[in-house]
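Q: How does the following fold in three dimensions:
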Amino acid sequence: MTAQKNVANRRARAADLISLPVVGAGPSAAASTNSIIQNATFYNNPSGVLNYLNWTQHGLVTPVRYQGQCGTCWAFASAAAIESQYVLKTGVLVSLSPQNLVDCAPYLTASQNNKCIGNTCEYGYEYVYANGIQTEQSYPYTSGNGNVGSCYYDPSKSVTNVNYYAYLPENDEMAMVKAIFNIGPITAALYAGNSGFQFYQSGIYHEPECSEQVNHAVLIVGYGTDQTAGDYYIVKNSYGLNWGESGFFRISRNLNMCGCGSSAMYTTIAH
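A: Okay, here's the model as predicted:
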């Protein structure tokens with residue numbers, strides 16, 4: 001199974017999961033999601049999702065990390081999405097290894113000779129589907145200085161495997177909200193080249209002239225609505241705690257802002 005195989009089918013089949021009820025197999029995850037439902041305020045529309053949700057408040061998101069001087073955002077984002085699914089399966093929050101993906105995952109053709117150029121979350125999911133992934137503790141991050149080492153993955157130390165991943169319908173931000181509500185945090189890509197993003201400190205990021213040529217992967221952990229600024233996503237970045245809102249940012253929703261609705265993905269795990 002290659003990373004490029006059946007992408008159209010995966011995108012089409014995304015609707016199979018976004019209509020499911022909230023999942024939560026682990027005891028603490030189940031308690032968390034039940035609490036969310038019991039205290040919910042719902043949109044007055046058929047979608048039946050919360051009008052505000054932030055999975056960091058319910059134990060599904062590990063602390064913000066720093067990717068450094070290497071284009072490894074895709075590895076941090078895909079590892080983070082798998083971490084959230086692991087909590088929902090087991091009730092245990094554990095940091096998984098972006099470096100495992102950086103060293104070992106398949107790459108876009110343009111990045112094969114310089115892995116710090118970048119990659120996509122799809123390749124990260126594909127690797128964990130086929131091989132598994134270690135913890136951050138057993139396979140620590142070392143590429144922050146711009147260097148990538150050789151793969152030393154040990155299958156005996158794998159924590160989990162992806163059993164499914166898919167693109168959500170392109171530029172369908174209601175599907176994204178449903179996926180965040182029903183499945184958990186999802187990965188997305190956006191254009192991060194504007195100075196307004198690079199030096200973002202707080203508030204809802206809104207860039208009317210922003211390019212839709214995406215170049216940065218992130219984890220969307222929730223969404224909400226501001227009475228003045230409108231709908232937004234809550235997003236975990238990999239620029240460290242000193243960037244943005246303690247490593248997170250909010251960005252306008254329902255406008256495909258900076259291309260964020262063009263290549264959103266979700267994943268589920270086997271165990």
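Q: so where do the helices sit in this structure?
A: Along the chain, counting by DSSP state H, helices occupy 7-13, 15-18, 27-38, 73-90, 98-104, 121-130, 173-182, 195-198.
Q: quick one: buried residues of stretch 167-183?
A: Buried positions in stretch 167-183, judged by neighbour count with 16 or more other Cβ atoms under 10 Å: 167-169, 172-183. Glycine gets a C-beta too; all of them are placed from N, C-alpha and C.
Q: among those residues, which two are most distant?
A: The span of the buried residues of stretch 167-183, defined through Cβ to Cβ, is set by Y167 and F181 at 18.0 Å.
Q: where's E170 relative to L190, distance?
A: E170 sits 14 Å away from L190, going by Cβ to Cβ, to the nearest Å.
Q: right, I mislabeled it, should have said C121
A: Distance of C121 to L190, given as Cβ to Cβ: 12 Å.
Q: can you check T228 too?
A: Taking Cβ to Cβ, one finds T228 at 22 Å from L190.
Q: do Y200 as well
A: 12 Å.
Q: cool, and F248?
A: Distance of F248 to L190, computed by Cβ to Cβ: 14 Å.
Q: Among those two, which residue is more densely surrounded?
A: L190 (30 against 21; other Cβ atoms under 10 Å).
Q: what residues are up against the more buried one?
A: By Cβ atoms under 8 Å, 6 or more residues apart in numbering, the contact list for L190 reads V214, H216, V218, I251, M257, C258, G259, C260.
Q: The first one: what's it in contact with?
A: Counting by Cβ under 8 Å, 6+ apart, V214 touches A189, L190, Y191, C258, G259, C260, S262, S263.
Q: The second one now?
A: Each residue near H216 by Cβ under 8 Å, 6+ apart is listed here: C73, A189, L190, Y191, A192.
Q: Around the nearest residue to it once chain neighbours are set aside, how many other residues sit close by?
A: Nearest residue to H216 in three dimensions, chain neighbours excluded: A192, at 3.6 Å (Cβ to Cβ, 6 or more residues apart in numbering). For A192, the neighbour count with other Cβ under 10 Å is 19.
Q: again, but for the one 3 residues further on
A: Burial of S195 is recorded as 8 neighbouring residues (other Cβ under 10 Å).
Q: how much space between it and Q57?
A: 31 Å.
Q: quick one: low-confidence parts of this protein?
A: Filtered on pLDDT under 70, the chain yields the residue ranges 1-48, 109-113.
Q: before we move on, the earlier item: with distance to V87 as extra columns, can I get the contacts of H216 in CSV?
A: Shown next, in CSV, are the contacts of H216 (distance: Cβ to Cβ, whole Å):
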residue, distance to V87
C73, 22
A189, 23
L190, 25
Y191, 30
A192, 27
